[in-house]
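Engineer: could you look at this predicted model? Sequence included:
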Amino acid sequence: MFSSSTSGHFVSGKSRKIAKRWYFTNVYFPPRSSDSPTAEVREEVLQILDMEDRNHILTGDWNAHSSAWHSHKTDERWSMIEDELDSRGNHVILNENTFTRADTGILSSPDITMATADIASRATWHTCGVINTDHLPIIIAMDSEIPKRERPKRVITNYGKADWKGFKTDIETSIRSYVGPRDAYSLEKLISKAILGAAGKHIPRGRFVPTCECQGDTKETDDLLKKRAEMQRLNPLDGKIAEINDLIEKSRRYLRKVRWLNKMEDIEIKRKADSNWSLLKGLKPKARSSGPVNLPNGMITTNAKAITNAMAKNLSSTAMGPDGLCHIHLKNLPENGIHALAELFNATISENTIPDSWKKANVFMLSKSGKDLTEIKSYRPVSLLSPVAKVLERVILERINQECQSPSSQHAFKKAHSTTTAIIEVTNRIVGGLNMPKPANRTTMTCLDLRAAF
């Protein structure tokens, strides 16, 4: 926000800090009216002070002087501002006893920084040395809590004890009772929610609860935890519990810092890359999508039978994709669940729409057997996609295979072909050329690049 008048102007902005908003206002009043504050100046000062009563920092060149912070005089403008601050009691001056302006040999402080009482106690103020300018840079620092990173939950799922009959019944009921829109996004959410809801009720699973040893607490921290538990049992209102909480948190923060530094030192010589990939994945921000382009063409492309055939060719894998689903979930869908998948796939293709959950993947690295684990080429990335999207890919692949035939010379990414078949074909061509009647069809050059091929 920008505001101006004949007496002065100010700029105000907002900044997000975790779940709160901080408000910053930069103020400037010309010096010509500092000794005789007019009604316009008073009105604007009142407007600035009334902008926000919490999380508000006011700073700038007010051209108001007071001997309380190193100015050579006290003027009328500051007297007026001081009266308003005393009457309200919401803002606190942050200036230390040092000058902010060094011009013409006179040290003064026309620059004032104030903050609302709720954040003034956590703010520090100081100038940044003398540089070639009349006003010195001012640094305002705020003490704030660092958001804690939640430890990912380790969940174990037992598919061997799953109640697949109840699983199918719940999904069938959820799909039958759905009366919402039938576009691709809505259908994808319907199917995912129905499967995950039924899995939560009929497939046993539990969270691995780490012990103090697994959490990595030191013996001193473990003793503090036991002491706190005993105090909470005897007197939950004991004031020393807060002090013990601070000691526990301080100990854990220090331990996390040490472990982070050790990990950074060890990251280049570590023999296994799994932990490095997990670290990078945790530091990466969540993916955002601007949404797909919707170009409907109204074509019906698949049916329940094609989907059933496609799912039959997939393994009953329990590896979960980024949406929390796996192939064994899909293979136990009821009949109306298969029809809902067909409707979802038709809407996806006809609307040219790809749900956001299908664009994500869980990626991790697997080491190749017998390879040097210190070399990055000894690993291959494995990407776990949404099983629903993979079924759609299988359906589309079957249609493409009916229409397209790959060249006979192609051996990569082709069924029943590999580097072995490629070498056999090259060998047969060379031998066949040499066995031809004169003049023989000799091969003068053969270029092979089979290292880490397909």
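Structural biologist: On my side now, so go ahead.

Engineer: what ranges does the stretch 251-400 of the chain have for its helices?
Structural biologist: In the stretch 251-400 of the chain, helices defined by DSSP state H, counting those that start in this stretch lie at 274-283, 304-312, 327-331, 335-350, 387-403, listed in chain order.

Engineer: hmm, I138 is touching T59, no?
Structural biologist: Yes: between I138 and T59 there is a contact under C-beta atoms under 8 Å: 6.9 Å. Yep, even glycine has a C-beta here, placed from its N, CA and C like the rest.

Engineer: find the residues that touch each one of the two.
Structural biologist: D111, T113 (C-beta atoms under 8 Å, 6 or more residues apart in numbering).

Engineer: can you put the helices of the stretch 251-400 of the chain in a markdown table and add distance to T25 and mean neighbour count?
Structural biologist: Shown next, in a markdown table, are the helices of the stretch 251-400 of the chain (distance: least, C-beta to C-beta, whole Å; neighbours: other C-beta atoms under 10 Å):
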| stretch | distance to T25 | mean neighbour count |
| --- | --- | --- |
| helix 274-283 | 34 | 12 |
| helix 304-312 | 60 | 16 |
| helix 327-331 | 55 | 21 |
| helix 335-350 | 50 | 20 |
| helix 387-403 | 50 | 16 |
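
Engineer: which of these sits closest to T169?
Structural biologist: With C-beta to C-beta, the closest approach to T169 among these belongs to helix 335-350: 10.9 Å.

Engineer: what does the closest one contact?
Structural biologist: By C-beta under 8 Å, 6+ apart, helix 335-350 touches 168, 171-172, 175-176, 182-184, 187-188, 190-191, 194, 296-304, 306-308, 330, 333, 353-355, 388, 391-392, 395.

Engineer: so how far is it off the chain centroid?
Structural biologist: 31 Å (C-alpha atoms, centre = their mean, to the nearest Å).

Engineer: for that helix, the averaged confidence score.
Structural biologist: Here helix 335-350 scores 90 as its mean pLDDT.

Engineer: mind exporting it as CSV, just the C-alpha atoms?
Structural biologist: Taking C-alpha atoms only, helix 335-350 is exported to CSV below (Å, rounded to 0.1, in the frame of the first residue of the first chain):
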residue,chain,number,x,y,z
GLU,A,335,-17.5,-54.8,-10.7
ASN,A,336,-18.9,-51.3,-10.4
GLY,A,337,-15.3,-50.2,-9.4
ILE,A,338,-14.1,-51.5,-12.8
HIS,A,339,-16.8,-49.6,-14.5
ALA,A,340,-15.9,-46.5,-12.6
LEU,A,341,-12.3,-46.9,-13.8
ALA,A,342,-13.5,-47.2,-17.3
GLU,A,343,-15.5,-44.0,-16.9
LEU,A,344,-12.5,-42.3,-15.4
PHE,A,345,-10.2,-43.3,-18.3
ASN,A,346,-12.7,-42.2,-20.9
ALA,A,347,-13.1,-38.8,-19.2
THR,A,348,-9.3,-38.5,-19.0
ILE,A,349,-8.8,-39.1,-22.7
SER,A,350,-11.8,-37.3,-24.0
